[in-house]
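Asks: have a look; sequence and predicted model below, questions after that.
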Amino acid sequence: MDLKQLFTQLESVFSGSLAIESHVRHALQSTQTVVELPSSTTPLPQPFLDVITRINANPICKLIAEMPFNWVPPQTSSDPLYAKHSISKVHVELLGPSGLVNSDEVRLGLYGMMPNAEYGIRTHEAEEVFIMLAGAVDWKLSEAPYKNHFPGDRSYHPSMMPHANRTQELAFISVYAWYGEISTDSYVYEGIPSN
């Protein structure tokens, strides 16, 4: 199994009008996708399987569930607080400097969080978009209150915009993309917001 079918379906997921989405589509189309998938895999925990099989999940979730990925917490930062708050997350970088397919143009991956978890305020130089595929998540942008997001919703974060997210009774799975300065050098994690 290779990534070609997944990348083709991801092109249609990034079908919105945001400029970042056209950059992602271009990166997906121009990528050679016949690559070796990981020989060591870690399956998705049950709370994620529960949401990706729900009727309102994006159809791409069926393919994602079949892919032999190594679902592990992201390693965007070496900050001990970040590591502590990442235990409840799963992640696979598909495109990017550490991706299954190398890219210096776009960082794109699958990302999810267990129920009743929180990922605090962070900033980074790259602009970013998350597209929800399954489950439910609340997003906080700058000083605004948290807002519910469900499958099909987007959360767009311009460069250096503080943002945070949390889950309630459901896990969530999303696809995200960074564009611009995709290095993690500018990434700053501030922890759980006080409001």
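Replies: Everything's here; your move. Numbers count the residues shown, from 1 in each chain.

Asks: Glu143: neighbour count?
Replies: Neighbour count of Glu143, defined by other C-beta atoms under 10 Å: 8. Placement of C-beta: from N, CA and C, glycine included.

Asks: for it, which residues are in contact?
Replies: Neighbour list for Glu143: empty [criterion: C-beta atoms under 8 Å, 6 or more residues apart in numbering].

Asks: so which strand or helix has it?
Replies: Under the criterion DSSP states H and E, no helix or strand holds Glu143.

Asks: distance of it from Pro162?
Replies: From Glu143 across to Pro162, the span is 8 Å (C-beta to C-beta, to the nearest Å).

Asks: now swap in Val188 and tell me
Replies: Val188 sits 9 Å away from Pro162, taking C-beta to C-beta as the criterion.

Asks: now do the shared contacts for these two.
Replies: Arg122, Thr123.

Asks: ok, these two, which is more surrounded?
Replies: A side-by-side neighbour count of Val188 and Pro162, using other C-beta under 10 Å, places Pro162 first with 16 against 13.

Asks: contacting residues for the more buried one?
Replies: Ile121, Arg122, Thr123, Leu141, Ser142, Glu190.

Asks: for ChimeraX, write a command that selects the buried ones of these.
Replies: Buried members of the contacts of Pro162 can be picked out in ChimeraX with the line below, counting by 16 or more other C-beta atoms under 10 Å:
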select :121,122,141
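
Asks: quick one: which of the contacts of Pro162 sit in strands?
Replies: Judged by DSSP state E, those include Ile121, Arg122, Thr123, Leu141, Glu190 as members of strands.

Asks: surely Ile121 and His163 touch.
Replies: Yes - using C-beta atoms under 8 Å, Ile121 makes contact with His163 at a distance of 7.1 Å.

Asks: can you show me the strands along the protein?
Replies: Using DSSP E, the strands of the chain run over 89-95, 106-113, 118-123, 127-135, 137-141, 147-149, 154-157, 163-166, 172-179, 188-191.

Asks: before we move on, the earlier item: which single one of the ones in strands among the contacts of Pro162 is nearest to Leu81?
Replies: Closest to Leu81 out of the ones in strands among the contacts of Pro162 is Glu190 (8.7 Å), distances taken as C-beta to C-beta.

Asks: so who does the closest one touch?
Replies: Residues near Glu190 by C-beta under 8 Å, 6+ apart: Gly120, Ile121, Arg122, Thr123, Pro162.

Asks: farthest-apart pair in those residues, please.
Replies: For the contacts of Glu190, the maximum inter-member distance is 11.1 Å, found between Gly120 and Thr123 (C-beta to C-beta).
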